[in-house]
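*Asks:* Next input, structure requested:
(2 chains)
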Number of protein chains: 2
Amino acid sequence: MIQSDYLKENPFLFSFVPMFYMVWADAILTPSEILKIRELIEQQVWITQKERTFLLSHLDPQNPPSPGQLKEWLFEIRRVSQDLTPQMKRSLVDIGIELARLNARNQDDKTLEAARAPLTDIEEALGILSREAAFHLRSQERTTQTGGQQTEASFDLNKMSELLDGKNRVVIRKVKTILSDPEFEYYKGESTAEYREQVLKWCQYLADQGFGGMAYPEAFGGQGDMASYFAIMETLSYHDLSMVIKFGVQFGLWGMSVYFLGTEKHHQQYLKDIGTLKLPGCFAMTETGHGSNVKGIETTATYHHKTKTLVINTPHHGAGKEYIGNAAVHGQMATVFAKLIIDEVDYGVNAFVVPLRDSDGHTVSGVIIEDCGPKMGLNGVDNGRIWFDEVVIPVENMLDKFASIDADGKFKSPITSDNRRFFTMLGTLVGGRIGIPRSGLSAMKTGLTIAIRYGDTRRQFGPENGSEVPILNYRTHQRRLMPLLAESYAIHFSLQYLTNRFLSRSEEDMQEIEAMAAGLKSFATWRTTHALQECREACGGKGYLSENRIDRLKNDTDVYTTFEGDNTVLMQLVAKSRLSEFKKEFSDINLFGVLSYVASQAKTSLSEMNPLTVRNTDPEHLLDFEFYLNAFRYRERDILTSAARRIKKHLDNGMDSFDAFNQTQYHMVNVGFAYIERLILEQFIAQVKKTEDEGCKMILTKLCQLFALSQMEKNKGWYLEHDYMAGVKTKAIRKMINQLCLEVRENAVPLVNAFEIPESCLAAPIAMK
Amino acid sequence: MIQSDYLKENPFLFSFVPMFYMVWADAILTPSEILKIRELIEQQVWITQKERTFLLSHLDPQNPPSPGQLKEWLFEIRRVSQDLTPQMKRSLVDIGIELARLNARNQDDKTLEAARAPLTDIEEALGILSREAAFHLRSQERTTQTGGQQTEASFDLNKMSELLDGKNRVVIRKVKTILSDPEFEYYKGESTAEYREQVLKWCQYLADQGFGGMAYPEAFGGQGDMASYFAIMETLSYHDLSMVIKFGVQFGLWGMSVYFLGTEKHHQQYLKDIGTLKLPGCFAMTETGHGSNVKGIETTATYHHKTKTLVINTPHHGAGKEYIGNAAVHGQMATVFAKLIIDEVDYGVNAFVVPLRDSDGHTVSGVIIEDCGPKMGLNGVDNGRIWFDEVVIPVENMLDKFASIDADGKFKSPITSDNRRFFTMLGTLVGGRIGIPRSGLSAMKTGLTIAIRYGDTRRQFGPENGSEVPILNYRTHQRRLMPLLAESYAIHFSLQYLTNRFLSRSEEDMQEIEAMAAGLKSFATWRTTHALQECREACGGKGYLSENRIDRLKNDTDVYTTFEGDNTVLMQLVAKSRLSEFKKEFSDINLFGVLSYVASQAKTSLSEMNPLTVRNTDPEHLLDFEFYLNAFRYRERDILTSAARRIKKHLDNGMDSFDAFNQTQYHMVNVGFAYIERLILEQFIAQVKKTEDEGCKMILTKLCQLFALSQMEKNKGWYLEHDYMAGVKTKAIRKMINQLCLEVRENAVPLVNAFEIPESCLAAPIAMK
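*Replies:* From the prediction side, this is the model:
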């Protein structure tokens, strides 16, 4: 106690104790504030000069109370504050007066009441710190709105899972059952060689289940079921991603290249053995010197008329095949992409089946293979480099669906242009650009499941004198994870749509499907990378420990933004395709005409551009699907038009077209984004509209709104620049996102649980139910 | 040739060959365009019906020319196009007419000239594709502006290095020399145990050089040189980051905690052995249950009067120490943070030296240590978990600089409040928050060096019929890397400033320095994470291979955003500190008053808010430092004001202060960013202004402009929302950034070379000079 004898003689002075406690206990109060309080105490006329001196002596920074004294004050204060009403406990003065009253034994209430006003002056000088201190001084635990929020499912989990799985539910559940087998326990050792063997073993188990050849025709041991194949890839991706990529290399890249680029004889010879993993193989396209610009690869396949053979050759070191999965250890054959040379004429890139190793694992003569060595991730996949030194193969090994060499040694193809033929061949392999984002999405879902479950249980910080709060209740944490959760649902539905379009494709759909696949692949894999980074950080130190698996998910999927086409390059392809789509819409005029038309075109004055809409901040407007669709479509069209206009302007100024495209490259990437964002939005809205279950529909609506508004917020600079929205509206959007994050948070755990990721796959200790 | 006999009889038809070539060779032309060309050919009146029929037969998709025929056309065209002037080669018609002229042996120039107009109609129908085709058909190599850009240093590298190193150049060069020793070859094996021993060995070499104790007083084997210590940490970070963190744990955390929290007796007893690494130790603060909220740790140190001992105890499993560097294998002692209990009174968190292992490496009785296991990165550091089961230490082991237990067993401290005392203790350790971002910055510089050097030499894509172009010449690539290069310089200078402020600190500077350190640590480490991600992607598949080291850099530094304080949490501390700074500026009124003042305050109508400035897009304005300073400062002040206003509003509405801060959390993080961005800008500008060498000054000016404008572009949504800039201005900023990226690109390789990272540290094959 403050020199307790003196205090007991002058019990009214107890009324100052709470403030004194605060002055010395609070770590924020500045010296100038202490001065201010001293000043106010000096003005107190209801106490004697001696009392003032006594009080002021306790506000001398040179002579602070001891730590023990402070604790005694707190003990005393808490004791008395038990008897206060909740209302009174909001004020230091209330507490102080009550303390004085008790010590003065109620002998002179009037003096105390008179003291209330001047004391309140002092308290007000302390501002909000005083209220904060009152919380601090309470004996009961403080509760807050923030602390109160908790998980509460507003929908039926099982119905949501059914909705997510759709028609593939049976095969998805089968895969999940198999992954839950103890044989699929993660590899935890340090040996890459062992890890690779483990991955191969897993792939063998999967092949034994018939998963490998799922998409091949029944005649070759498959089930002709491409839809299931995609679902399998996606579901396997809840497990080790090295296994998924090895699986994809073997059954997707290697098998599908034989299936789609080869003809009956190749199918007969290879497909069954590929599907059972009896014949492990590779897809050898990329070279060290040519990755994105794959058209420029330099490996040659030279035809020899006399022997009817082809000689596969690597012309120089930098033209070696690079990053080839399955090459370093297991691959026995490969689909090799090489320039076909007949009579010194180059017929462009074609594909050939080339042996790499005999069944004992020794490389065949002329084949040199080197291990790519350790990688950022996917170290269970044996990537290698391959050089060919005049390797001779029979002409039958040419995969001759799109081009062939006839009996006279003449090149034959229904497609005149080498370029067009090559891109047609690549087009048949677009499935890879569907499988990869679906795999990435599964990793994103896993990361979100771990981070959201952890955020729901991990408590850190809290109000003074209250419990710690689950970190998922903090706004910054919600802002970090809830929009990503919404995105994971959004991407899910658009990848389902893309898959369906691909499965029911016609020839003339192909350009659109290829653009969609390229764009969604880029968008989804970039978002996967971003989401896993956020999840890592959101789990703090625990997120850094390998046992919680986010590191592996991040590192394994990191290359998804690069392989199957570098994302930045793909987005430009998408943009070019969009320009040419645009051109089609005006099929009666030509591109030149379109560019002129576009250049002279006045800005569309759409209805939503009216000043009222631009400033409309009504919640019902901000939550309206039509508002989103209009905005996304407007943006897409405007960016596309603007890109066309820019290119045209450069060309008109005599700029080389290569330079013109380079100058516009940044816009082109945005053309790709605007297109994909619109597409994802449309598919999400379509999904919401067709959802029958009310619980699911309601939460999906919120997720869709959160997705749409988050994209708008990301692009708000653009909307403001183009006067499509006023600042008042973008600010209202920010608030609405906060609100939606808060609402989605309660369903966040159920929403990730609806992914039904097997617990043995999740495996992260911080995410265990 | 097109049925060459007929053509030879009708040589004028050769004029159509270039277009025909294009129709069949080009992969973009759509069926509708082919239709259009057919239509136009049907309208050609200068040729006979028979000729028309002949021509149209070559435009039938059902009957395309063979691939071989196409190649013959190209051969013929290229042959003739050799004789064309550059001007003529821009048109398919020119090429076609010349081809016809040669075949017709110049017999009737008039007919051909008459054909020019109708042919041009067809060509125009093809739009820009025609010009593109003309490039394609050339015999000479096409050159473009994009392809032409190359590396050219406009400044003296050595002068720039001197400027970067500043006063620490001597020690920096010494460290670089030592790191280049063969003993510092990177560990490439797969065994974590081996890796940890290698890292320990490296640390021993560094200690032997006197680097470990550099900051300790001479009396204890050091040189009292904190500046050099920071420079050493930064320079070591060009090498293996596990080594850096182990070094930092031993000499920084363990050593500095003894130095700053202990007194003479502790210095005497431990410092010398710590500096020589004879006594490896730990810094045991974080617990599983309490990381960010470190004040809430639960380990206890209970005083026993009779024996004058303290008993260190972990009350439950979740209160074990977690992530403790040096704990799993090598640590013999630790600075343990625990709540001091005397006579059942809790005196808050204090620090104690506790033995962990004897010199044989056996854990002492009562200490349980578990390995944290594999991590995302830093696997050369032996992080562990520690539990204490009633471990007895003498009272002398309390690090008693700020609090002590006197002979009577009474708690003594010059700082009354437990909170304030604890934060004062933490404040002395702020050096960690300077060392970490400096280490991260080195990793960022390494990543940028690798990616930029690679981008300068890696060629991919190019104009049709032209060489492939270095990827660093592409706008998207420049946009990716150049602003990050500018940021690395910007962060460098601000961390130098922070270090200098810290080294010459006075007591009253501490609040500002702590805020600055927390903010810069967050900003710099987030940017490091982001930059390394970009570098990884910018290097494509090569960036994914471990040999190129970006994976390791990324994974090792990833936890920098978490340890030494979670970035999101730190940014809120920064914001709170800024609010209280704000308060100081109005020292005559109190916080309550400030909040009211702020709430009622009309928007400052600053000079730069006039309509002309808001729309000013003059290059000299956009490149003007004053413009940046005004904008950054305006933003900082406005966001701070707005955060204060929001909190006040919530409190006025009776919201609990904890909820009010949570509701404002997102703004608070932005308060932190706005402050740090302004600070970095100011320091960068100050550096430019004081740079004497003209070459360095010029390129630093550009980097500073690029940094400033990139931040503005990132924040353009905000500037537009607040009518600080009009759309026309933010668009002009985007263009200016493009231009600056282009200009900086030429100096990009010299700018990273100026970091003088030892080649043996870089080690990445793709980055070798």
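*Asks:* Tell me the confidence at the nearest residue to A:Asp656 once chain neighbours are set aside?
*Replies:* Counting by Cβ to Cβ, 6 or more residues apart in numbering or on different chains, A:Asp656 lies nearest to B:Thr144, which is 4.8 Å off, once chain neighbours are set aside. For glycine as for every other residue, the C-beta is placed from the backbone atoms N, C-alpha and C. If you check B:Thr144, the pLDDT there is 91.
*Asks:* repeat for A:Ser600
*Replies:* pLDDT for A:Ser600: 50.
*Asks:* just to revisit the earlier point, give the full set of residues in contact with the residue nearest to A:Asp656.
*Replies:* Contacts of B:Thr144 were listed using Cβ atoms under 8 Å, 6 or more residues apart in numbering or on different chains, and they are A:656, A:658-659, A:662, B:462-463, B:466, B:469.
*Asks:* for those, which one is nearest B:Val671?
*Replies:* B:Val671 lies nearest to A:Asn662 out of the contacts of B:Thr144, by Cβ to Cβ, at 39.2 Å.
*Asks:* how about the strands in the stretch 151-300 of chain A?
*Replies:* Using DSSP state E, counting those that start in this stretch, the strands of the stretch 151-300 of chain A run over A:281-284, A:300-304.
*Asks:* Check what pLDDT A:Met88 gets.
*Replies:* On the pLDDT scale, A:Met88 is placed at 60.
*Asks:* oh, I was asking about A:Leu129
*Replies:* 62.
*Asks:* repeat for A:Leu13
*Replies:* On the pLDDT scale, A:Leu13 is placed at 84.
*Asks:* now it: how far from chain B?
*Replies:* Going from A:Leu13 to chain B by Cβ to the nearest Cβ, to the nearest Å gives 19 Å.
*Asks:* Quick check: that residue touching A:Leu55?
*Replies:* Yes - in terms of Cβ atoms under 8 Å, A:Leu13 counts as a neighbour of A:Leu55; the distance is 6.7 Å.
*Asks:* so how far is chain B from A:Arg501?
*Replies:* Going from A:Arg501 to chain B by Cβ to the nearest Cβ gives 20 Å.
*Asks:* try A:Ala486
*Replies:* Distance, A:Ala486 to chain B, using Cβ to the nearest Cβ: 17 Å.
*Asks:* So for the helix or strand that residue falls within, mean pLDDT?
*Replies:* Taking DSSP states H and E as the criterion, A:Ala486 maps to helix A:475-503. Averaged over helix A:475-503, pLDDT sits at 98.
*Asks:* now swap in stretch A:511-522 and tell me
*Replies:* Stretch A:511-522 comes out with an average pLDDT of 95.
*Asks:* ok now that stretch, how far from the chain's centre?
*Replies:* 18 Å (Cα atoms, centre = their mean, to the nearest Å).
*Asks:* Give me the contact list for it.
*Replies:* Contact with stretch A:511-522 is made by A:427, A:430, A:433-434, A:436-437, A:491, A:494-495, A:498, A:501-502, A:505, A:561, A:564-565, A:567-568, A:570-571, A:573-574, A:577-578, A:580-581, A:672, A:675-676, A:679-680, as judged by Cβ under 8 Å, 6+ apart.
*Asks:* Buried among those residues? Need that as a selection in ChimeraX.
*Replies:* Only the buried entries of the contacts of stretch A:511-522 go into this ChimeraX selection, using 16 or more other Cβ atoms under 10 Å in any protein chain shown:
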select /A:430,433,434,436,437,491,494,495,498,502,561,564,565,567,568,570,571,573,574,577,578,580,672,675,676,679,680
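*Asks:* what ranges do the helices span in the stretch 551-700 of chain A?
*Replies:* Assigned by DSSP state H, counting those that start in this stretch, the helices in the stretch 551-700 of chain A fall at A:567-585, A:591-600, A:611-614, A:619-622, A:625-652, A:657-663, A:665-690, A:694-714.
*Asks:* What are the buried residues along the longest one?
*Replies:* Of the residues in helix A:625-652, those scored as buried under the neighbour-count criterion (16+ other Cβ under 10 Å) are A:625, A:627-628, A:630-648, A:650-651.
*Asks:* Tell me if it is near chain B.
*Replies:* Yes - against chain B, helix A:625-652 shows contacts by Cβ under 8 Å from any Cβ of the partner chain at A:647-648, A:651.
*Asks:* just the third one next, same as before
*Replies:* No - Helix A:611-614 stays out of contact with chain B when judged by Cβ under 8 Å from any Cβ, the minimum separation being 12.7 Å.
*Asks:* need the contact list for the nearest residue to A:Arg357 once chain neighbours are set aside.
*Replies:* Distance criterion Cβ to Cβ, 6+ apart; nearest residue to A:Arg357, sequence neighbours excluded, is A:Gln332 at 4.9 Å. With contacts defined as Cβ under 8 Å, 6+ apart, A:Gln332 is in contact with A:279-281, A:355-359.
*Asks:* let's see 10 Å
*Replies:* A:273, A:278-282, A:326, A:355-361, A:363-364 (Cβ atoms under 10 Å, 6 or more residues apart in numbering or on different chains).
*Asks:* among those, which ones are buried?
*Replies:* Among the contacts of A:Gln332, those scoring as buried are A:273, A:279-282, A:326, A:355-357 (criterion: 16+ other Cβ under 10 Å).
*Asks:* May I see the strands of the stretch 151-300 of chain A arranged in a markdown table, with mean pLDDT and distance to B:Leu164 as well?
*Replies:* Formatted as a markdown table, the strands of the stretch 151-300 of chain A follow (pLDDT from 0 to 100; distance: least, Cβ to Cβ, whole Å):
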| stretch | mean pLDDT | distance to B:Leu164 |
| --- | --- | --- |
| strand A:281-284 | 98 | 45 |
| strand A:300-304 | 98 | 48 |
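*Asks:* okay, now the domains of chain A?
*Replies:* Taking automatic domain parsing as the criterion, chain A consists of the domains A:4-140, A:181-429, A:433-767.
*Asks:* mean pLDDT for the ones you listed: which is lowest?
*Replies:* When the domains of chain A are ranked by mean pLDDT, domain A:4-140 comes last with a mean of 77.
*Asks:* Over to the closest residue to A:Arg385 other than its chain neighbours. Which of the three states is it?
*Replies:* Nearest non-adjacent residue to A:Arg385, counting by Cβ to Cβ, 6+ apart: A:Glu370, 4.5 Å away. Here A:Glu370 is recorded as strand under DSSP: H, G, I helix; E, B strand; the rest coil.
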